[in-house]
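Engineer: Sharing a model prediction with you, sequence too.
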Amino acid sequence: MVELMAVKDYAQQIAEAIATVVKIDIEIADHNLIRIAGTGKYHKGVGLSMDRQGYVYQEVLRTGHQFVIETPGHHPLCTPCKARGNCSEKYEVVSPINVDGKAVGAIGLICFTDAQAKLIEENQHSYLIFLTKMAETIALKLKEQEFLAGLVSSNHYLNSIIDCLDEGLLTADLDGNILHFNQAAKRLFSANLLTARSHLNSLFTARIVEDILKVGKNENEIVEREVHVETKKNRVQMVLCALPIDSEEGVKSIAVILRPFDEINRMVNRLTLQDAGYTIQDILGDSETMCQIREQAKIVATSKSTVLIRGESGTGKEMLARSIHNLGPRQQGMFMAINCTAIPEALLESELFGYEDGAFTGARKGGKIGKIELANKGTLFLDEIGDMPLFLQAKILRVLQERQIERIGGITPIPVDVRVIAATHRNLEQMMVKGEFREDLYYRINVIPMHIKPLRDRKEDLTVLCDHFIKVYNKQLNKNVKALSEGFRQRLREYSWPGNVRELQNIIEYAINLTEGSTLTEVHLSPRLKQTSLHDDLSGFNLEAIERETILRCYQTFGAGVRGKEKAAIALGIGLATLYRKLARYNIE
Ligand SMILES: Nc1ncnc2c1ncn2[C@@H]1O[C@H](COP(=O)(O)OP(=O)(O)OP(=O)(O)O)[C@@H](O)[C@H]1O
């Protein structure tokens, strides 16, 4: 609560005004019995304690009631006073200054002459009312002061909250004159651009200011724009949101919120990481080549150099790229994957580089940010880079060399800090010879080459991959598969896996869908695998598979008895002992 001392100047003015009119001295004390105002002989005692003589004031403060002393020095209240029986005062009227029912001070009329005393005595009622009104005036001033202090404090509190925000926040009137800004905005802009008197024009382009001011015209309008802001240090990309501030008199001002684009990116990345958060441990395979890949990935992750991952479709190139990203220092940034084959050539450039507002007919209003910018401080995964058109290869080369991009229709280069991981299943060396792939880009991206072998060349990985996918689909499909029959395994081993791990994943999903039991057998194989005869499977050039298939067919033609086996051996052109060895080897009963 505000103390009476806070309004002492006002109290002194009131005291002097009264004394001038009534020609009687005034004394005002606070609740601690400190004289805060006084006229005549009491003026020089302002600021001093009245505890040795202010016995009447003490009583008024204690009771909260008005007091009249007709015989100062002889009244019982005067008993402890040093001037008892010899008081220079002739008459005294004291009123409490009450705020919210509590006496916070007292104001008194003090008479030193008989004439003054007589005047008051004869008009006592009027003087009592007058003094009460004066006390109320001082109390009101105190309440007003208290209210103002409350306002200042809540204003300070709100400002502290606004200053805690990481986002830059400014408010402007409907003409664009800046009214207020928080510390984050202050940190962002140079002091000469952002002042309490500057205009939005000094911070943003005319086009953006026009958009911001639109929200002042419609209370439901909110504008979101991506802007480049010239900050104290550099040019920073931000997301700007302008919204109307609605008051009782309608919209009179606008709030502008600025968030750094990088942070939004990081947030999106954190929120979407669940389904893409591959780690090195997720890359399964016991083969020597897969163990090497995992080791290599750990080392590569710490570097900023470009990686080129080669391998057939479905071998896990994207998975490897994501693991490298998630393992390295860029994991907080975005992993931005772009498939150069999946996006039509005409759109690929704008997808990668983005465009400025009005860059071409049909361009989205406000422009569009490209994937490369989105990957700032993160990783850009260029899948199927071999399918990238030549003109874009040149642009990508420039990004890698100069570390900056220009949007379509834009004139200012934008610095980008991206790590590029490229992948392809195509033979880039042959493409270079034919002039289909730029040599300079090839050397730029092939800094760290990694190669994932096709699944048919590392069939020892089948077991661990199958176990993994069985677990995944048991859970997903609520099944309880525990084993694979020997026949099923055999078919998997014989198959040439043109679709690699992705195909294996599908085969297991299909089989688990079909079974109700705990073992997958040949019955559950997808028709593709069942039908794969040795002729269909020639693509794999798998001699063992062809041999097994041939022996199996002879065996079925001539029968399983001893005579049948003899005939089969003759037909196959091998000895009977060799046939027995091969039957055992290929597990043919
Ligand atoms: N070593 C592995 N361990 C576990 N899962 C794998 C492995 N390799 C691939 N996969 C799985 O196979 C599927 C295909 O992987 P991915 O998309 O990374 O292959 P890709 O080589 O990038 O394919 P494409 O070239 O067709 O884009 C994914 O579901 C992935 O999880």
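Structural biologist: Arrived safely. It should be emphasised that the depicted structure is a prediction, and the values quoted were computed from it without experimental measurement.

Engineer: Over in the stretch 201-350 of the chain, which residue gets nearest the ligand? Let me know.
Structural biologist: As assessed by C-beta to the nearest ligand atom, the ligand sits closest to Gly316 within the stretch 201-350 of the chain, at 2.5 Å. The way it works is simple: take the backbone N, C-alpha and C, and place the C-beta from them, glycine included.

Engineer: hang on, isn't that residue packed against Leu465?
Structural biologist: No: assessed by C-beta atoms under 8 Å, Gly316 is found out of contact with Leu465, at 10.0 Å.

Engineer: Those two: which is more packed in?
Structural biologist: Comparing Gly316 with Leu465 by neighbour count (other C-beta atoms under 10 Å), the higher total belongs to Gly316, at 24 against 21.

Engineer: re earlier: how about the contacts made by the residue of the stretch 201-350 of the chain closest to the ligand?
Structural biologist: Ile283, Ile452, Asn500, Val501 (C-beta atoms under 8 Å, 6 or more residues apart in numbering).

Engineer: Point out where this protein drops to low pLDDT.
Structural biologist: Scanning the chain for pLDDT under 70 picks out 1, 265-266, 268-276, 358-366, 531-542, 589.

Engineer: The ligand contacts on that one?
Structural biologist: In this structure, the chain approaches the ligand at residues 283-285, 311, 313-319, 383, 425, 501-502, 505, judged by C-beta under 6 Å from any ligand atom.

Engineer: hmm, which of those are the buried ones?
Structural biologist: The neighbour count (16 or more other C-beta atoms under 10 Å) marks 283-285, 311, 314-319, 383, 425, 501, 505 as buried among the residues of the chain next to the ligand.

Engineer: closest to Ile338 among the residues you listed?
Structural biologist: Comparing those against Ile338 with C-beta to C-beta picks out Asp383 as the nearest, at 6.8 Å.

Engineer: Could you pull up phi and psi at the closest residue to the ligand within the stretch 451-589 of the chain?
Structural biologist: Here the stretch 451-589 of the chain gets closest to the ligand at one residue, Val501, 3.5 Å apart by C-beta to the nearest ligand atom. Reported as degrees, to the nearest 10, the phi and psi values for Val501 are phi -60, psi -30.

Engineer: which ones are touching it?
Structural biologist: The neighbours of Val501, taking C-beta under 8 Å, 6+ apart as the test, are Gly314, Thr315, Gly316, Leu455, Leu465.

Engineer: Show me the domain layout of the chain.
Structural biologist: Under the assignment automatic domain parsing, the domains of the chain span 4-147, 165-260, 276-453, 455-532, 534-589.

Engineer: With distance to Ser154 added, can I get those in TSV?
Structural biologist: Listed next are the domains of the chain as TSV, based on distance: least, C-beta to C-beta, whole Å:
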stretch	distance to Ser154
domain 4-147	11
domain 165-260	15
domain 276-453	37
domain 455-532	55
domain 534-589	77
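
Engineer: and Ala117, that's in a helix?
Structural biologist: Yes: following the definition DSSP: H, G, I helix; E, B strand; the rest coil, Ala117 is counted among the residues of a helix.

Engineer: Double-check it against Cys111; I have them as touching.
Structural biologist: Yes: taking C-beta under 8 Å as the contact criterion, Ala117 and Cys111 are neighbours in contact, 4.4 Å apart.

Engineer: For these two, list the residues in contact with both.
Structural biologist: Among the neighbours of Ala117, those also in contact with Cys111 (C-beta under 8 Å, 6+ apart) are Lys90, Tyr91.

Engineer: More neighbours: these two, which one.
Structural biologist: Ranked by neighbour count (other C-beta under 10 Å), Ala117 and Cys111 place Cys111 first, with 22 against 19.

Engineer: Gln281: how many residues sit nearby?
Structural biologist: For Gln281, the number of neighbouring residues by other C-beta under 10 Å comes to 8.

Engineer: Check Leu194 too.
Structural biologist: By the criterion of other C-beta under 10 Å, Leu194 has 17 neighbours.

Engineer: Then Ala568?
Structural biologist: The number of residues packed near Ala568 is 23, by other C-beta under 10 Å.

Engineer: Once you drop chain neighbours, what's closest to it?
Structural biologist: Excluding the flanking residues, the one nearest Ala568 by C-beta to C-beta, 6 or more residues apart in numbering is Cys554, at 4.1 Å.

Engineer: Could you check which helix or strand contains that neighbour?
Structural biologist: Take DSSP states H and E as the rule and Cys554 turns out to sit in helix 543-558.

Engineer: Quickly note the distance from the nearest residue to Ala394 once chain neighbours are set aside to the ligand.
Structural biologist: Once flanking residues are discounted, Ala394 sits nearest to Arg438: 6.7 Å by C-beta to C-beta, 6+ apart. As for Arg438, its distance to the ligand is 21 Å (criterion: C-beta to the nearest ligand atom, to the nearest Å).

Engineer: Renumber starting at 44 from here on
Structural biologist: Sounds good: first residue 44 from here, last item Arg481.

Engineer: close enough to count as contact, Arg481 and Lys438?
Structural biologist: No: here Arg481 does not reach Lys438: they are 10.8 Å apart, not a contact under C-beta under 8 Å.

Engineer: Are we agreed that Ala149 is in a helix?
Structural biologist: No: assigned with three-state DSSP, Ala149 falls outside any helix and is strand.

Engineer: quick one: it and Glu135 touch, right?
Structural biologist: No: because the distance of 11.0 Å does not satisfy C-beta under 8 Å, Ala149 is recorded as not touching Glu135.

Engineer: more crowded one of the two?
Structural biologist: Of the pair Ala149 and Glu135, Ala149 is the one with more neighbours under other C-beta under 10 Å, namely 29 against 22.

Engineer: residues in contact with the next helix or strand after the helix holding Cys597?
Structural biologist: Toward the C-terminal end, the helix or strand that comes next after helix 586-601 (DSSP H and E) is helix 605-615. With contacts defined as C-beta under 8 Å, 6+ apart, helix 605-615 is touched by Thr593, Ile594, Cys597, Tyr598, Thr600, Phe601, Gly618, Leu619, Thr621, Leu622, Tyr623.

Engineer: so helix 605-615 versus helix 586-601, what angle?
Structural biologist: Between helix 605-615 and helix 586-601, the angle comes out at 130 degrees (axes from the mean of the first three to the mean of the last three C-alpha atoms, to 10 degrees).

Engineer: Go through helix 605-615 and flag the buried ones.
Structural biologist: Lys608, Lys610, Ala611, Ala612, Leu615.

Engineer: From Cys597, how far off is the first one?
Structural biologist: I take that to be Lys608. Separation of Lys608 from Cys597 (C-beta to C-beta, to the nearest Å) stands at 9 Å.

Engineer: Kindly report the same for the last one.
Structural biologist: Distance from Leu615 to Cys597, counting by C-beta to C-beta: 6 Å.

Engineer: Check Arg501 too.
Structural biologist: With the distance defined as C-beta to C-beta, Arg501 ends up 31 Å from Cys597.

Engineer: residues in contact with the residue nearest to Leu152 when sequence neighbours are not counted?
Structural biologist: With C-beta to C-beta, 6+ apart as the measure, Val136 is the residue that lies nearest to Leu152, at 4.7 Å, once sequence neighbours are left out. When the contact criterion is C-beta under 8 Å, 6+ apart, the partners of Val136 are Gln109, Phe110, Val111, Ile112, Gly151, Leu152, Ile163, Gln167, Tyr170, Leu171, Leu174.

Engineer: Right, I'll call it a day here.
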